[in-house]
Every structure is written in C-alpha cells, then in structure tokens.
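Chemist: model this:
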Amino acid sequence: MDVRFEIPPASEDAVARLREATGLGDVAAQVLVRRGLGDPEAARHFLAADEHHPLSAFDGLGDAARQVLRHVRAGSRIVVHGDYDCDGVCATATLVRAIRQIDGDASWFLPHRIDDGYGLAADTVRRLAAEGAGLVITVDCGITAVDEAALARGLGLDLIITDHHRPRADGVLPDVPLVHPGIPPADGGPDAAATRYPAPQLCGAGVAWRLAGALLEAAGADPADADIDLDVVALATIADVVPLTGENRWIVRQGLAAITDARRPGLRALLDVSSTAPADVDSTAVGYRLAPRINAAGRIGHADTGVALLLCDDPVEARRLADRLDGANRDRRELEARILREAEEQATAQGEQPLYVLAGEGWHAGVVGIVASRIVERFQRPAVLLSIDGEQASGSARSVPGFDLLAGLDACAEHLTRHGGHRAAAGCTLPTDAIGDFRVALVAYAAQHLDVAALTPVERVDAVVGGQQLGMALAEELARLGPFGEGNPEPVLLVPAGWAEAPRPLGAAGLHMAFTLRSGGSRVAAVAFGRDRLPVADGPLTGSYALERHAFRGSVTPRLRVRELAAPAPAAIDRLDGDPADVALAVLDAADPFPIADGDGRSGGWGAAFADRSAAGPAAAIAALVASGDPVTVVTADAARRAPQLASVVGGFALTDWWSVARTPRTLDGTVHLVALDPPSDAVQLAAVEELDGLSRWRAWGDPELRFTVDALRREHDLRSGAQPLYRRLRDGGPTAVAALAGDERCGWWLGLLLRVLEQSGAVVVDRAERVAAIGPGPVRPLEAGDTHRAWTARHEERQRWLSGTTTVRVPSPAP
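Modeler: You can find the predicted model right below:
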C-alpha cells in the first residue's frame with residue numbers, strides 16, 4: 001500500500017531555542033516544535049503535565065453532589081446507570097465506590113449491548129422505578145435522554161445525568177441536574193464558547209471522578225480521597241480515546257503511576273492475566289492489553305464482570321473475575337478473526353469499489369464495528385458491516401478522511417429502518433432483503449462523492465532520525481513526552497533509506513515480522529505487527545517508526561515498531577556544480593584553477609568549522625535538515641558520482657562539489673544549511689566555507705564518506721588514466737563537442753583539467769568559440785611536461801599531507 005510521508009517544517013533556529021530553554025535533545029525538540037509547542041513556556045507546561053482544576057471550577061457539580069448526599073442520608077436506594085464499554089464500566093465503579101464510602105446504598109445497572117442497547121432506555125427507567133430506586137445517576141450516558149428524563153420525573157424517580165458525549169442536534173437538554181464538562185454553563189453568559197468545566201474533554205469516568213470528589217467534600221470527607229480511583233479513571237481515559245491534553249494528561253500520568261504500584265487487586269489480576277509486568281505499564285499497555293479485556297465482556301456478554309473486578313478487594317476473587325474477562329477477550333478475538341476473514345473474502349470478491357457493504361449471517365453485533373475499522377485499514381475505503389439476524393440486519397460503518405458517512409446513509413435512507421452517527425462512524429438497521437439495493441445505492445453515492453485518488457494514506461512525521469540516534473537515550477527522552485494517545489500521539493520517527501536485514505516471521509501464525517534495521521552504520525531491532533512481508537525485497541526502505549523501550553527477560557532494549565514502510569521516493573535534486581561544458585571551458589583558461597594553501601584553514605580544522613550530525617547517518621542528516629523547511633545545499637567530493645546515489649534515497653536539496661564551492665562560493669547564496677556529505681580535501685576548500693556568513697555548516701560524513709573522498713583523491717591524481725580514454729575517443733571519433741565529452745558521469749572541472757593537460761601536451765586542441773575538441777596537429781609532448789600537470793601533482797601532494805593530518809584513513813601516496 002502506498003503512503004505519503006508529510007513532514008511539517010521545523011526551523012533549526014526554533015529547535016535550537018527550545019533545546020536551550022528546556023534541556024531536551026534535538027529529536028524531542030523537533031517533535032514539540034512540529035506539534036506547535038515551540039514556545040519554551042508552553043513546552044515546559046506540557047512536560048510538567050500539571051493542569052489540575054479545583055472542584056469549584058465545575059459548574060453544577062456541587063449542586064449534584066448535595067442532591068446525592070441527601071439521598072444517602074435519607075437511606076434511598078441509589079442506582080448508578082453506566083455503559084457497557086470500558087469508560088462506562090470504570091465510571092460506574094468510581095461513583096459506586098464513592099457513594100459506598102460515605103455509607104450510601106449504591107448498586108449499579110449496565111445495559112446489555114444487544115438486549116438493551118446504548119444509553120438510558122425508557123424500559124430501564126420504568127424497571128428501576130418499579131424496583132424501588134430513589135435516585136438514578138447516569139455515568140457516560142444520558143445527555144440525549146430528554147424523553148427518558150421526563151418519564152423519570154413523572155414516575156417520581158430522581159435522576160442526575162453525568163455524561164461527556166454530545167447533546168442532541170437540536171440543543172435540547174434533559175430537564176434534570178446535569179454534570180457535563182462540555183456544555184454551556186447553566187446560567188448562560190456572554191461567552192458563547194464557555195463550558196461548565198475548564199477541561200471539557202474529560203471521559204465519562206473523569207466526570208464521575210469529579211462528582212465523587214465533590215460528594216466526599218459535601219459529606220465532610222477529604223475530596224482528595226477520590227484520587228484513589230485515578231488508576232481506573234486513567235484506564236478509561238486511554239480506552240475512550242479522548243484527547244490526552246490538559247487535565248486528561250495529568251489524570252493519565254497520575255493513574256499510570258498508580259497502576260504500576262498495582263495496589264488495586266482487580267487491576268493487579270488484570271495485569272497478571274495479560275502478562276503485563278507493572279514496570280511495563282504505559283498508555284500502550286493499557287490501551288492494548290487491559291482495556292480490551294474490560295471491553296470484551298460488554299461486547300460479547302455482559303459488562304457487569306468489569307465493575308465487579310474493579311470494586312473487588314479479595315485477590316482470589318479478583319483473579320477469578322480477571323480470568324473470566326480474559327476468556328471473554330479470547331472469544332472476542334476469535335469472533336473478530338473469523339468475521340474479518342469472511343468480510344475480507346467478500347470485499348475481495350466484490351473487486352475494486354469506492355465503498356464496501358459486507359454482510360454475514362450471525363456476525364456478532366459486538367465486534368462488527370471493530371471489523372469495519374479493520375476493513376477500512378486493509379482496503380482504504382469506507383465500509384459497512386451488517387449482521388444478519390433473520391429478516392433484519394444491523395451493523396456499523398466506518399469511513400475514511402474526506403467522506404461524510406452519515407450524509408451517505410441519509411441519501412440512502414429509503415432502504416433503512418433507522419440510522420445515525422456522524423461523518424466518521426455510524427450505525428444502521430434495515431430489512432435483510434433490502435441489503436442488495438442498499439449496497440447499490442450507497443456504492444453509487446460513494447462513487448460520486450469520494451475522491452479515490454486522494455485516499456493515499458498520509459503519515460505525519462515528527463522527526464527525521466537515523467544511525468546512532470536510535471538508542472535507549474532517545475527512547476527514554478521521548479517517553480518524557482508521554483503519556484501518548486489521542487491528542488498526543490506517540491512520536492513518529494522517519495528513518496530514510498534504511499535497510500531491513502534478516503527479516504523473519506513473528507508469532508505462531510506468522511502474521512507479523514521482525515527484522516534488524518540498518519541505518520547510518522548502526523543497527524536496531526524492529527518489529528512490524530500485521531505485516532508478513534516487506535514492500536521492497538532487496539533495497540533501501542524509508543519507514544516511519546515508534547521507538548520504544550522493549551522489556552524482555554529482564555532486560556530493556558530499544559526497539560522500533562513499524563508504522564509505515566515504503567520504497568524511497570525522494571524529491572528532485574538541484575545541481576549547483578554548473579553545466580559540465582561551461583565549467584570545463586572555464587578551467588581551460590583559468591589563470592590559477594587549482595591554488596595551493598598552507599595550513600588547515602582559518603578555524604584550525606574540521607571540528608570548529610562544522611556542527612556534527614554524523615551520528616544520524618548521511619541520509620537522515622540530510623533529510624532532517626530538508627524537513628526544517630529551510631534551503632539546504634549538500635557539498636560532496638564528486639557531485640557527478642554522488643548524484644545518482646543520493647537520488648535513489650533522499651532529495652529536496654541542492655548538490656554541489658567542493659571544487660565548485662572553492663571556485664565560486666556565490667553559488668551558495670540563499671543556502672541556510674550547508675551539509676558536508678564528504679569532507680573537504682584541502683585547506684582551500686575548508687577556508688572557502690569558513691568565510692561564508694549567514695549559513696549553518698553541518699558535518700554528515702563518517703568513515704565511509706572519508707573513504708569516498710580518499711578514493712576520489714586517488715582517482716583524480718592519476719591524470720594519465722583519465723586522459724588516455726578521452727584522447728582515444730577524439731582520435732577515433734573525430735572532433736567532438738565538449739558537452740558530449742562531459743556527459744552526466746563526469747564533473748566539468750575534471751573534464752576541463754584533462755583537456756587542459758592534453759592541450760598543453762599538444763595532443764588535443766579546443767576551439768573555444770565552437771566549443772569543440774579535436775586531435776592536435778602535433779608534435780605531442782609528455783603529459784608530465786606541462787605546467788598544469790606539475791601544478792596538479794603539487795596540489796595532490798599538499799592534499800595528501802592535509803588529509804593525512806586530519807583523518808586516520810590512509811591516504812595513498814602518488815604513483816611513481
């Protein structure tokens with residue numbers, strides 16, 4: 001599958017300022033700058049994750065808490081009505097525990113996904129009233145239950161609604177006490193954007209936690225006692241995919257620490273059955289190991305087990321409940337795998353479509369939404385998955401960016417019994433015999449409104465890295481930017497032109513793979529979940545990765561987790577070393593084309609002239625600077641030989657060579673970053689860049705690039721080996737245009753040097769006006785007798801001495 005890597009600009013100046021102000025490393029600073037946190041104060045606030053608001057900042061919270069307290073003191077039966085997902089389960093456990101702490105008579109009710117459906121239902125209101133409930137408190141649901149609230153009032157049943165979801169489209173709210181962080185304040189106010197709480201994006205359990213604190217405070221207890229449930233609230237915050245910004249960031253950071261302490265028997269048992277060591281707990285472990293097990297019960301059975309687990313104080317009972325959830329999760333995975341396999345077979349059989357409508361007899365309603373998401377990932381198309389149950393089918397739909405799924409269902413409403421949702425996700429019910437017509441209508445709608453060509457996935461990159469950067473130090477520093485999740489995704493690192501070595505299958509079914517990524521001379525372990533092959537069998541790969549601390553058998557090592565892989569697709573390279581024929585003719589008549597300089601440059605050597613980026617490896621060093629958004633020029637020992645090598649892996653910059661820089665430094669006007677891919681080979685070249693103002697100079701070379709420079713020096717010294725084939729070509733082919741002699745493979749200055757040596761020997765003549773070279777009339781003198789040959793030999797000896805004094809790589813002596 002194709003992917004497009006998108007790298008927002010992050011100027012080196014902004015990154016440097018943030019590094020200096022925060023003490024962060026270069027890569028972490030890049031991440032924050034690209035995420036809009038380049039201001040040092042904003043970055044420090046983000047890193048501290050200390051946004052935590054007082055209970056008094058939540059409009060309506062105190063009134064709701066006092067009403068609950070009145071029922072507690074009156075001995076009323078209080079029922080907490082939750083939801084069947086992880087957030088609803090955690091919210092229910094949080095509020096039930098708080099009410100019981102002040103000796104309230106609290107029980108809970110969770111609807112069954114299939115039998116009761118989502119939210120507060122009228123039948124549930126009647127049942128709870130008939131069973132003698134005095135107060136019902138909804139958590140994680142109820143904000144749209146306008147009619148149900150009116151029914152409760154008519155039955156004499158007090159109702160408090162706590163929720164975080166969107167109200168009805170018409171704006172009508174239930175006429176009962178509301179605890180909701182995101183709706184307007186009860187008394188209105190001049191600010192139309194004002195909400196009831198400064199952190200409007202709390203999850204349902206977060207809202208329940210705030211009510212729990214207010215209830216304890218109203219009862220004369222310490223409201224901070226509610227923080228004992230931050231482990232549960234953090235679990236819900238991660239599972240419900242609410243933004244991990246603001247107070248949610250504080251909640252999750254505190255809660256992850258509490259989960260790591262493993263004080264709650266239920267969570268300790270859940271860690272055990274999921275084979276998760278407390279020390280390995282992070283937002284990824286919570287989202288992929290703990291939350292799915294709590295969610296599983298509500299998906300394929302009843303969610304009560306989850307509440308019982310979180311409230312359980314007995315380790316033995318907790319383990320029994322955790323085993324039950326673990327078993328439900330295994331069943332869920334098996335159901336999901338079977339349905340996914342059948343759905344993929346249907347989609348493949350339908351061929352290329354702008355949208356897929358897939359249906360199966362007995363597909364479990366609790367997992368079709370998950371499978372719909374998998375189909376979207378697999379085919380990059382919107383998908384509707386329908387579970388057929390006799391004469392009726394119902395299911396879930398998921399979309400792709402740029403396609404309004406709800407609008408599509410609205411357009412096909414004549415085929416549906418009911419439907420609802422939003423642009424990205426929706427649900428629907430329809431007669432089984434209408435599925436065919438519905439498919440035709442919705443696919444036709446998608447064909448008109450979906451731009452299939454625009455569906456290439458876009459991977460947003462936070463930093464370009466490579467080589468020695470990919471180690472534990474970086475993994476640990478990036479962890480400081482956590483917790484990660486919605487609104488603060490894990491940093492995405494682009495490694496350009498790496499090589500996947502020793503690829504091998506991973507997992508019993510071989511659905512995943514592992515390999516060793518080689519980048520810039522360094523190697524790091526990598527794992528690719530959900531991939532069983534590489535997009536390029538034998539060649540470089542540009543990939544996006546998450547760098548994680550991988551714990552295995554008591555040791556912790558850095559590991560890359562693959563996000564996307566693709567063959568390199570670099571941008572163009574702009575050559576600045578001039579037209580080869582023009583340069584060659586200029587060298588022919590230059591008064592002093594190859595000056596010799598003593599010493600090692602104005603600064604005292606390479607170290608002072610260049611800031612070192614060699615640890616990343618050349619491709620990553622260049623790509624990272626290109627990603628800054630500023631103009632980049634790469635200087636090499638031999639631009640003609642380097643151009644095709646670079647063009648296959650990285651681009652978006654200008655390319656030149658050291659000879660051109662030394663001869664015409666004005667070609668670098670406008671350059672912000674000068675990257676020395678290969679080292680300069682003499683003091684003249686070094687001095688040329690030292691004297692340039694207004695640009696940053698970066699070293700990208702390592703030992704391989706030093707050897708390339710030394711090899712170039714060796715090739716350049718042997719003028720006879722270069723001149724002989726050029727002479728034979730003119731002898732056998734007759735007069736030839738200088739441009740034709742250059743070609744793409746020969747630097748202009750090298751061609752000019754060879755023509756100058758041959759012309760001084762009498763072997764060749766060059767017509768400057770016609771720009772044509774031909775065999776000379778004679779006589780022919782030895783090449784070594786010419787002034788240029790002698791000057792070039794002296795220059796080579798000077799370069800040999802200079803390079804030998806600045807590197808351990810052996811520089812060859814001149815040939816006898």
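
Chemist: Output the lowest mean pLDDT helix or strand found in the protein.
Modeler: One helix or strand of the chain scores below all others by mean pLDDT, DSSP states H and E: helix 606-609, with a mean of 65.

Chemist: Just the pLDDT at the residue nearest the centre of the chain, thanks.
Modeler: The centroid of the chain falls nearest to residue 492 when counting by Cα atoms, centre = their mean (3.2 Å). Residue 492 carries a pLDDT value of 97.

Chemist: Could you point out the longest strand of this structure?
Modeler: strand 493-506 (DSSP state E).

Chemist: Report the buried residues of it.
Modeler: 493-498, 500, 503, 506 (16 or more other Cβ atoms under 10 Å). C-beta here means a position set from N, CA and C on the backbone, and glycine is covered the same way.

Chemist: Describe which strands it pairs with in its sheet and in which direction.
Modeler: strand 463-464 (parallel), strand 512-519 (antiparallel), strand 541-552 (antiparallel) (DSSP bridges).

Chemist: Buried deepest among these, which one?
Modeler: strand 463-464 (a mean of 28; mean count of other Cβ atoms under 10 Å).

Chemist: residues in contact with that strand?
Modeler: With contact meaning Cβ atoms under 8 Å, 6 or more residues apart in numbering, strand 463-464 is reached by 7, 27, 30-31, 34, 491-496, 616, 620, 623-624, 627.

Chemist: got any ranges where the stretch 551-700 of the chain has weak pLDDT?
Modeler: Residues of the stretch 551-700 of the chain meeting the criterion pLDDT under 70: 593-608.

Chemist: where along the stretch 201-350 of the chain do the helices fall?
Modeler: Taking DSSP state H, counting those that start in this stretch as the test, the helices found in the stretch 201-350 of the chain are 204-218, 230-239, 247-261, 265-273, 283-285, 291-300, 304-311, 315-350.

Chemist: what angle do the first one and helix 230-239 make?
Modeler: An angle of 150 degrees separates the directions of helix 204-218 and helix 230-239 when computed by axes from the mean of the first three to the mean of the last three Cα atoms, to 10 degrees.

Chemist: Could you tell me the angle between helix 204-218 and helix 247-261?
Modeler: Using the same axes, to 10 degrees, helix 204-218 lies at 90 degrees relative to helix 247-261.

Chemist: Look at the residue nearest to residue 784 when sequence neighbours are not counted and say how many residues are nearby.
Modeler: Nearest residue to residue 784, sequence neighbours excluded (Cβ to Cβ, 6 or more residues apart in numbering): residue 790, at 7.4 Å. Using other Cβ atoms under 10 Å, the number of residues around residue 790 comes to 12.

Chemist: And residue 41, by the same measure?
Modeler: Neighbours around residue 41, by other Cβ under 10 Å: 10.

Chemist: Likewise for residue 432?
Modeler: For residue 432, using other Cβ under 10 Å, the count is 15.

Chemist: That one reaches residue 388, doesn't it?
Modeler: Yes: counting by Cβ atoms under 8 Å, residue 432 touches residue 388, with 5.4 Å between them.

Chemist: Please, where are all the helices along the stretch 651-800 of the chain?
Modeler: 658-663, 683-690, 703-717, 719-733, 738-742, 748-761, 787-804.
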